[in-house]
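**Student:** The following block contains a protein sequence and its predicted model.
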Amino acid sequence: MPKALQRLFLGLLLLLPLAVQAADADYFIAAKANEQARLLQDWAAQPDPARLELLSSLQQGRIAPGDTRKLRLNNRLRGLVDNALASHQLLSTDSAVRLAAARQLQKSAQPAQVAFLDRRFAGEADASVHAALALALANLQLVDSDPAVRLAAVRLLGETGDPMARTRLQTLLEPGVESTASVRTAAETSLAQVKRKLLIGELLGQAFSGLSLGSILLLAALGLAITFGLLGVINMAHGEMLMLGAYATYVVQILVQRYAPEAIAFYPLIALPVAFAVSAGVGMLLERTVIRHLYGRPLETLLATWGISLILIQTIRLLFGAQNVEVANPAWLSGGIQVLPNLVLPYSRLVIIAFALFVVVLTWLLLNRTRLGLNVRAVTQNRNMAACCGVPTGRVDMLAFGLGSGIAGLGGVALSQIGNVGPDLGQSYIIDSFLVVVLGGVGQLAGSLWAAFGLGIANKLLEPQIGAVLGKILILALIILFIQKRPQGLFALKGRVID
Amino acid sequence: MKRRSLIKAFTLSASIAAMGLSWSIQAAETIKVGILHSLSGTMAISETSLKDMALMTIEQINAKGGVNGKLLEPVVVDPASNWPLFAEKGRQLLTQDKVAVVFGCWTSVSRKSVLPVFEELNGLLFYPVQYEGEEMSPNVFYTGAAPNQQAIPAVEYLMSDDGGAAKRYFLLGTDYVYPRTTNKILRAFLHSKGVADKDIEEVYTPFGHSDYQTIVANIKKFSAGGKTAVISTVNGDSNVPFYKELANQGLKATDVPVVAFSVGEEELRGIDTKPLVGHLAAWNYFESVDNPVNSQFVADWQAYAKAKNLPGADKAVTNDPMEATYVGIHMWAQAVEKAKSTDVDKVREALAGQTFKAPSGYTLTMDKSNHHLHKPVMIGEIQDDGQFNVVWETEQPLRAQPWSPFIPGNDKRPDYAVKGN
Amino acid sequence: MNQPLLVTASQKAGPRWTLAIGAAVLLVLLALPLLSLLPAGHSLQVSAYTLTLVGKILCYAIVALALDLVWGYAGLLSLGHGLFFALGGYAMGMYLMREAAGDGLPAFMTFLSWSELPWYWAGTQHFAWALCLAMLAPGLLALVFGFFAFRSRIKGVYFSIMTQALTFAGMLLFFRNETGFGGNNGFTSFRRILGFEITAQSTRAVLFLLTVALLVASLYLGWRLARSKFGRVLTALRDAENRLMFCGYDPRGFKLFVWVLSAVLCGLAGALYVPQVGIINPSEMSPTNSIEAAVWVALGGRGTLIGPLLGAGLVNGMKSWFTVAFPEYWLFCLGALFILVTLYLPRGVVGLLKKRGEQ
């Protein structure tokens, strides 16, 4: 029976990894936190493909894929699990997995892993993984005993823009830490290189956050540019239209989750028309019942819409509760794209910038390329003359107010993706919205566009210098000064009519 | 008709005499209890649930026969997140409604606003929220945490191996007194542990700040200089944009853990917590604490929310200030039973040393002299279901130090309550 | 609307009628503090609660009156009057804090580890200087802001939004602890004013009487202004500024004068408000508060002097009542009130009363 025995032996050999894994898992669970940490460090230094499954389960917070026992890890252990898992993934046959693992190891590799990394580095065929591993190694080789190795590592680090590299190189400048002068000089050069790269990342980051803030201000203010800018209604309930849009998003999310869970990833898209319809509907209703009676008395619209805003807030509070509700980013709006080592552009913000521009174009087309737009412009420029020419001013008012409110609703969908959704959501945007519209010049869409992006970028330029609070005060002061220079805003309507 | 009523309403407000009259005729055999929480305005987000919790607790006490054979009668008013209105409503509760005790306030400024009124009229206020200390009034009982019962243990945890052995600290807060004081205490504490000033960064944002791009970028930059932890005293509403930005910029809890002092179960209801797993909060109670008292407490609350049809009742959660409200009302009721009277001076005396088996799983004691509860401290990690998993807790409840030893001059303060501090 | 409504109203209704009602209200207001001095338990005794509540509303009424001067007469809707009110309040608060702290520093400064008072606190231990400050600070700010705003001919909505930005900036500034005004907590826990216990019933009564006096004085001032040539120029300015300019008037001086006067009145109201209410903090500068002040004026009837007083009393009285009677629903009542008044009472409550008188 030598064959059978051979088979049995082979079978046992195949089972061995499973046994190892089971034993590892049980041992790991039974261990205390410190012991667990030591285990993970050992595993990271000597990876064994059999543990791959255990480690990836651990990363998910479980013991094995089907195991329902809840595992309690803390941040330190989670970090060690990530590191150990990356070590194991270097053994993968898939070069993409290896690349991700090597990137993780650049952040987390420990000195004990040097020997293993050296081996993988020597045997790596894929060029990009090879380069990534070289960097991961370089981080550890800064304390190598051989000055030549240290020098090479320092030079290599100089070519990255990694923020961690800066700190690592900085420590080498001390003669007490780095004894070889040539390495110190190299570190100095590398450090300057890294700093330059970091600076580029920072500046780009600032510019992006300015654009992003601008796009948010724009979305918040665009609806107001119509209701206030064109129709002349001092619409204090504008913020509540934003809020209604955000709550519509929340309701759509709940409904999609309940009735069509497979489409949950696209709920913001479904929410767009719904939010538009809800806000526009409420807006038109208000226009017909209240605001219609107040045209020509702009300051009194302030009073009435203030009352409307109080009622809307309290209604939402009674319906949905005073607490914030949860609006989750779908997967395609979560996370961000890593452009530079110190620059991540969140998808949600990229999408919002694009969306804001899309809404501006849409509004512009509506106002300048459609019959409704023509009528709106006619009515806002000279109501009586428009009426004489047969423009149904009442209907146009209603539709225009509905349009402004609906656009605010669209803004609400976008705001729900980056901030909180609660009854007071609108209140926090109302002042900024008015400032944008007034700064841009009442009745000027392009003005609002420039004002929003200008304010956003100015705010983000000032914030790192003097802090968020003083920055905001300074911006307000600048606006006040600016209006002294240009009393009608950036883009004033030119005309001969006065009073 | 409308004109009449308008004119009438005006006469009412102008001549006022009628204003102070109470509206309903009460049965003689009740004890009136004031509830002073904002139900509208910016603080409604946090305070509404405390009002409901107070009403539930009162209902429960009444179901067991009330206090000293009398039923409790809640008087709910809305100070509308308006600080001077807190003082006015406080005076109204004490002088017009003649309540025996008031449960209320959330922000420090609202407490500071009513404090002179309570001291002048010798009223009794139970304040259920963690706060910055630096106060000890004979007319207030503080059932929330003082800084040493929340902030300092949390930093000690971050320094430990299990907490990630942080070397650098980014102190982020909303620009008002609680974060300022807490950070001042923490800085002194960090100094005492050998952390240098260059490893501490303190950043403040205005109220209602919603754009955290620059700040998260700064945290990233700061954290490149060594193992960093963020200590957040960001006020309730700003937390959602802050955490969303953290998650979207890819800053994970394993890299830079954030420990928050103002984020509890109630705040997490507004956030998708999946990207936040591992971030921390420090409190004296979590809903997930496993013990029979808490199971009962949570079940009661969920049943109450359903029965009263509160908004969002299907997802009703409990949190630390709610537990503190619950404990406060029970302790007051026990003290009234002990004193056999609702007289403020007698109740105050009876409250010293009062104990109560709290949902946190500990038997809490009201300190004999300093008007604060002895409380356990727990560090919880955010889970993907919006709950916290307790990763560390103190072995026993700690005595509060409202006058923090880390603030110069406090060593001369008396350790008992004195008016006008 | 060419003539101030009050003038027309009093002409129509006859001076005797107006005077009688005015005197009756004044008498009640004067009696309140005296009744509050009665021993507790007396059936006619007015409680401290009522007295502070009415006192607070009277302070608001002065703000409403001041706002009416610029909005109702000069046509400048300010959404930033809360700032002037708060500045006056802070000036008085500084004195009260010094008085409470004795020789030491106010408590919040010791906490900030400041060893000496910032320069702008100099002299605030003197009541007279604090009172001057309560007028100077809002007055100067209004002067500077108004000078530039009117020179650039900013008006209408632009002016409103600028004033809103101004008060918002002020609020953010005072929120900061480093600004030296107690941050978010502001000033509280006052003890004495001019050596008198601030919680004493007699102190309260005196403060109340002073508020009534200031209110009556501002009313008289407003009335005289409205009847004078100056008032007519203002009304003309509101209704047709360009025509007025073509007639050879320079509107800037007129606007600036009434604007600064209004700010000073607000500052004084704030100075009286703080010792009665017992707290001043930056939330008084929040834009919402200033909008509310505009609501008082609009509700009562702008351009009428009496209207804003009624509006302030009505809204605040209702607020005090609703927040107790229906804590969950009071915002509905308030919101509905605003809408109904704008729709059906375009000239405010005074317009309604006047119509009634005509019938």
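**Tutor:** Perfect, thanks for sending it.
**Student:** List the contacts of residue 328.
**Tutor:** No chain was given, so I picked chain A. A:253, B:272, B:274 (Cβ atoms under 8 Å, 6 or more residues apart in numbering or on different chains). Glycine gets a C-beta too; all of them are placed from N, C-alpha and C.
**Student:** that's the wrong chain, I meant chain B
**Tutor:** Counting by Cβ under 8 Å, 6+ apart, the residues that B:Gly328 touches are B:103, B:126, B:128, B:141, B:143.
**Student:** ok, and for the helix or strand where it lies, which residues are buried?
**Tutor:** If you go by DSSP states H and E, B:Gly328 is part of helix B:320-339. Across helix B:320-339, burial judged by 16 or more other Cβ atoms under 10 Å in any protein chain shown covers B:320-336, B:339.
**Student:** what are the ranges of the helices in the stretch 101-250 of chain A?
**Tutor:** Here the stretch 101-250 of chain A has its helices, by DSSP state H, counting those that start in this stretch, at A:114-123, A:127-141, A:147-158, A:163-172, A:181-224, A:238-259.
**Student:** what sits up against the third one?
**Tutor:** Meaning helix A:147-158. Taking Cβ under 8 Å, 6+ apart as the rule, helix A:147-158 contacts A:134-135, A:137-139, A:141-144, A:165, A:168-169, A:172, A:178, A:180, A:182-183, A:186-187, A:189-191, A:193-194.
**Student:** quick one: low-confidence parts of the chain?
**Tutor:** Since no chain was named, I'll use chain A. Low-confidence segments of chain A (pLDDT under 70): A:1-22, A:65-70, A:492-499.
**Student:** right idea, wrong chain: chain C
**Tutor:** If you take pLDDT under 70 as the line, chain C has these spans: C:1-15, C:355-359.
**Student:** if we can go back for a sec, name the nearest of the contacts of A:Ala328 relative to chain C.
**Tutor:** Among the contacts of A:Ala328, A:Gln253 lies closest to chain C (Cβ to the nearest Cβ), at 26.9 Å.
**Student:** Could you pull up the contacting residues of the closest one?
**Tutor:** By Cβ under 8 Å, 6+ apart, the neighbours of A:Gln253 are A:264, A:267, A:271, A:327-328.
**Student:** residues in contact with residue 293?
**Tutor:** Unless you meant another one, I'm taking chain A. Residues in contact with A:His293 (Cβ under 8 Å, 6+ apart) are C:Leu343.
**Student:** try chain C instead
**Tutor:** C:60, C:63-64, C:67, C:81-82, C:312.
**Student:** Compare those residues and tell me which has the most neighbours.
**Tutor:** C:Ala64 (34 neighbours; other Cβ atoms under 10 Å in any protein chain shown).
**Student:** how about the helix or strand containing that one, does it reach chain A?
**Tutor:** In this structure, C:Ala64 is located in helix C:48-68 according to DSSP H and E. No: Helix C:48-68 stays clear of chain A (Cβ under 8 Å from any Cβ of the partner chain), getting no nearer than 12.1 Å.
**Student:** Determine the next helix or strand in the C-terminal direction from that helix.
**Tutor:** helix C:81-101.
**Student:** The closest residue to chain C within the stretch 51-200 of chain A and A:Ala192, how far apart?
**Tutor:** Minimum separation of the stretch 51-200 of chain A from chain C (Cβ to the nearest Cβ) falls at A:Leu199, amounting to 29.6 Å. Note on A:Leu199: its distance to A:Ala192, by Cβ to Cβ, to the nearest Å, is 11 Å.
**Student:** One more: A:Glu124?
**Tutor:** 30 Å.
**Student:** Could you confirm whether the strand or helix carrying A:Arg38 reaches chain B?
**Tutor:** In this assignment (DSSP H and E), A:Arg38 forms part of helix A:33-45. Yes: applying Cβ under 8 Å from any Cβ, one finds helix A:33-45 in contact with chain B at A:33-34, A:37.
**Student:** Show me which residues of the stretch 151-300 of chain C are close to chain B?
**Tutor:** C:172, C:175-177, C:183-186, C:188-191, C:199, C:277-279, C:281, C:283-284.
**Student:** hmm, back to that, weed out the non-buried ones from the residues of helix A:33-45 next to chain B.
**Tutor:** A:Ala37.
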